[in-house]
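Enquirer: my questions concern the predicted model and sequence given below.
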Amino acid sequence: MTTYSRILVGVDGSNEAEAAFRRAAKMAASDEAVLGIAFVADIRRIVPLIDYEQTFVHKARSYGEELVGIYENEAKKAGVKQIETFVQFGTPKSTFVKKILADFHADLVLVGATGLSSTERMILGSVTEYVAENAPCDVIVVRSEAWNEKKKTI
């Protein structure tokens with residue numbers, strides 16, 4: 001079985017990202033790997049507001065730092081000994097892959113499955129899909145529910 005030395009997980013507050021974090025922390029603890037926890041504040045949503053109100057920028061940074069801090073504490077409780085955290089502003093796709101992943105040098109990335117609708121994925125594309133296609137290392141896509149427990153909708 002493959003062991004990893006540098007595991008990176010992207011978090012955003014979603015159920016899927018939390019499931020990815022939990023699996024990443026468990027793997028990092030068992031492999032004695034360094035765990036990277038990354039949050040990217042999507043600037044596309046706040047750029048129009050930056051000139052209007054700087055508090056939105058501070059709130060986005062505070063949210064990211066608080067979220068990453070919570071996950072860092074959880075990782076320590078799970079037995080992870082080495083943790084690096086990242087809170088960045090940017091476009092989530094490219095900032096995660098081209099900046100954070102490049103700086104961290106992960107050999108495994110875990111990301112939550114997309115929560116976007118099919119229309120949003122068609123127009124915007126999925127961060128998860130982008131990471132899976134562009135990461136130079138192994139990628140695990142984690143769903144918040146087991147695939148066979150999902151309810152079918154017509």
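Expert: Nice, thanks for sending it over.

Enquirer: what is the longest helix along the chain packed up against?
Expert: The longest helix of the chain (DSSP state H) is helix 55-77. Contact analysis of helix 55-77 by 3 or more CB pairs under 8 Å, 6 or more residues apart in numbering; DSSP states H and E lists helix 15-31, strand 34-42, helix 43-50, strand 82-90 as its packing neighbours. All C-beta atoms are positioned from the backbone trio N, CA, C, and that covers glycine.

Enquirer: if we use 6 Å, what do you get?
Expert: On a contact count with 3 or more CB pairs under 6 Å, 6 or more residues apart in numbering; DSSP states H and E, helix 55-77 meets strand 34-42, helix 43-50, strand 82-90.

Enquirer: ok, of those, where does mean pLDDT dip lowest?
Expert: Lowest mean pLDDT within those: helix 43-50, a mean of 59.

Enquirer: what angle do the longest helix of the chain and strand 34-42 make?
Expert: 160 degrees (axes from the mean of the first three to the mean of the last three CA atoms, to 10 degrees).

Enquirer: please state the offset of helix 55-77 from the chain centre?
Expert: What separates the centre of helix 55-77 from the centre of its chain is 12 Å, taken as CA atoms, centre = their mean, to the nearest Å.

Enquirer: can you mark which positions in that helix are buried?
Expert: By 16 or more other CB atoms under 10 Å, the buried positions in helix 55-77 come out as Phe56, Val57, Ala60, Gly64, Leu67, Val68, Tyr71, Glu72, Ala75.

Enquirer: and which of those residues is nearest Lys99?
Expert: Lys99 lies nearest to Gly64 out of the buried residues of helix 55-77, by CB to CB, at 14.2 Å.

Enquirer: need the pLDDT of that closest one.
Expert: pLDDT for Gly64: 91.

Enquirer: before we move on, what about Ser94?
Expert: If you check Ser94, the pLDDT there is 89.

Enquirer: which residue, neighbours along the chain excluded, lies closest to it?
Expert: Nearest residue to Ser94, sequence neighbours excluded (CB to CB, 6 or more residues apart in numbering): Tyr130, at 7.9 Å.

Enquirer: list the buried residues of the helix or strand hosting the one you found.
Expert: Assignment of secondary structure by DSSP states H and E places Tyr130 within helix 127-134. Neighbour counts using 16+ other CB under 10 Å place Val127, Thr128, Glu129, Tyr130, Val131 of helix 127-134 among the buried residues.

Enquirer: same list, the buried residues of helix 55-77, but as CSV with distance to Leu110 please.
Expert: Listed next are those as CSV, based on distance: CB to CB, whole Å:
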residue, distance to Leu110
Phe56, 29
Val57, 28
Ala60, 23
Gly64, 18
Leu67, 16
Val68, 15
Tyr71, 12
Glu72, 16
Ala75, 12
